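**Student:** here's my sequence, what's the structure:
(2 chains)
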Amino acid sequence: MTNPTLPVDPRRINLLSDTVLYAEAVAFVAEHPMPKQSQLMGLQQFSRTWDELKDYINHQRGRDWGRDTTTPLFYDALRDYLGTGGGKKPASLFQRITDAFGLVAAEGLTKQQQRDATEAWAGALAAAFITHLVCAALVVPKGRDARGDA
Amino acid sequence: MNQRTKLLREIALIADQEDVREKAQDLGKLAASTLGKKKRSQITGLETLASSTQRVTDIFNYIKTRTARQEEWQASNLGDSLLTYLEGDMRGHRDAVFQRLQSQQITLDAYEQQAAYLELLRAFIDQFAAHYEYACLTTGGDEEK
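**Tutor:** Presented below is the predicted three-dimensional model:
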């Protein structure tokens, strides 16, 4: 379970939110069909911690959507982007926390400490990404170009 | 003059440029015509957010949310125009600030760059809000919108 008391540096979260995640969220919205607004609202509501977000995405993905193919595809893409499906996908947000962003030391921590720290950062970054995604989805209709980064 | 003072001076110079002042005035007048006095709280909300947030993107998201949810922000492309200017032209002005500082042998780190961008947006939004208020006063901005 994610330890919500592990410190993450809010300055670094703010910087990554502004300079990386905003543009990636806008691009994500441009590249993938969006589900209904109620789904997006639910996604934002259940993104307070990494565990909560993971559970929500898995639950939504596992539902029977009938003829609706957009929603499951959206959650597949979101799972891949965030890295909530587990595994070590190098491009996922989760993996980038240690690789690209260097937010958690690769050495000097036990595996559990590393995992806990990474999940704390992941929760904060994912929450920022999802806020940008939801806002971008509100204003970018299908077919229009998304705006650039901040 | 220390680095912080030089940065604030460069931001003030940009904010005082004719094109920036005119844009603030144009958008302020547009906001007054589409929102009227009744929606003043949304402009003050934008001002308050801009002055308190530590994220540039909070400002963009606020405008996006207002634009998506309220016809008044969609009218005459108010929300779109404001967002495009802040995301686009103001980024260019931000880069001009960095270049002017570099010519003074001052290089900002990534955190300082974002802080500078935020200061620039705050300066613009302050002007925009002032022009909105003045336009509401002088045109008697509709109470019923």
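
**Student:** which residue packs closest to the residue nearest to the spatial centre of chain B, ignoring adjacent ones?
**Tutor:** The centroid of chain B falls nearest to B:I125 when counting by Cα atoms, centre = their mean (3.1 Å). In space, and not counting its chain neighbours, B:I125 is closest to B:A50: 4.6 Å by Cβ to Cβ, 6 or more residues apart in numbering or on different chains. Glycine gets a C-beta too; all of them are placed from N, C-alpha and C.

**Student:** now for the one you found: which residues touch it?
**Tutor:** B:I59, B:L118, B:L121, B:R122, B:I125, B:D126 (Cβ atoms under 8 Å, 6 or more residues apart in numbering or on different chains).

**Student:** find the nearest non-adjacent residue to A:L78, please.
**Tutor:** A:I57 (6.2 Å).

**Student:** correct me, but the one you found touches A:Y75?
**Tutor:** Yes. If you go by Cβ atoms under 8 Å, A:I57 and A:Y75 touch, sitting 5.6 Å apart.

**Student:** quick check, central residue of chain A?
**Tutor:** Compute the mean C-alpha point of chain A, and by Cα atoms, centre = their mean the closest residue is A:A126, 3.6 Å away.

**Student:** wait, that one touches A:L53, no?
**Tutor:** Yes. Between A:A126 and A:L53 there is a contact under Cβ under 8 Å: 5.6 Å.

**Student:** quick one: which helix or strand includes the residue nearest to B:I125?
**Tutor:** Assigned by DSSP states H and E, B:A50 belongs to helix B:40-52.

**Student:** restrict that helix to CA atoms and write it as PDB.
**Tutor:** What follows is helix B:40-52, C-alpha atoms only, in PDB (Å, rounded to 0.1, in the frame of the first residue of the first chain):
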ATOM      1  CA  ARG B  40     -16.800  39.400 -11.900                       C
ATOM      2  CA  SER B  41     -16.100  36.600  -9.500                       C
ATOM      3  CA  GLN B  42     -14.600  34.600 -12.300                       C
ATOM      4  CA  ILE B  43     -12.100  37.300 -13.200                       C
ATOM      5  CA  THR B  44     -11.200  37.800  -9.500                       C
ATOM      6  CA  GLY B  45     -11.000  34.100  -9.300                       C
ATOM      7  CA  LEU B  46      -8.400  34.100 -12.000                       C
ATOM      8  CA  GLU B  47      -6.500  36.900 -10.400                       C
ATOM      9  CA  THR B  48      -6.500  35.100  -7.000                       C
ATOM     10  CA  LEU B  49      -5.400  31.800  -8.500                       C
ATOM     11  CA  ALA B  50      -2.600  33.500 -10.500                       C
ATOM     12  CA  SER B  51      -1.300  35.300  -7.400                       C
ATOM     13  CA  SER B  52      -1.300  32.200  -5.200                       C
END
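
**Student:** next, the buried residues of it.
**Tutor:** Within helix B:40-52, the residues that count as buried by 16 or more other Cβ atoms under 10 Å in any protein chain shown are B:R40, B:Q42, B:I43, B:L46, B:E47, B:L49, B:A50.

**Student:** and the fifth one, what does it touch?
**Tutor:** Applying Cβ under 8 Å, 6+ apart, one finds that B:E47 lies in contact with B:I125, B:D126, B:A129.

**Student:** and the pLDDT at residue 117?
**Tutor:** Here I'm looking at chain A. pLDDT, A:A117: 93.

**Student:** could you do chain B instead?
**Tutor:** Confidence score, pLDDT, at B:Y117: 96.

**Student:** Three-state assignment for the nearest residue to it once chain neighbours are set aside, please.
**Tutor:** Distances taken as Cβ to Cβ, 6+ apart put B:R94 closest to B:Y117, at 4.7 Å, once the chain neighbours are dropped. Three-state call for B:R94 (DSSP: H, G, I helix; E, B strand; the rest coil): helix.

**Student:** A:D76: neighbour count?
**Tutor:** The local packing of A:D76 (other Cβ atoms under 10 Å in any protein chain shown) involves 14 other residues.

**Student:** OK, contacts around it?
**Tutor:** Counting by Cβ under 8 Å, 6+ apart, the residues that A:D76 touches are A:R61.

**Student:** from B:T53, how far off is it?
**Tutor:** Applying Cβ to Cβ, to the nearest Å, the value for A:D76 to B:T53 is 33 Å.

**Student:** name the helices or strands packed onto the one helix or strand B:Q113 maps to?
**Tutor:** Take DSSP H and E as the rule and B:Q113 turns out to sit in helix B:110-139. Helices and strands touching helix B:110-139, by 3 or more Cβ pairs under 8 Å, 6 or more residues apart in numbering or on different chains; DSSP states H and E, are helix A:10-16, helix B:3-15, helix B:18-35, helix B:40-52, helix B:56-69, helix B:90-102.
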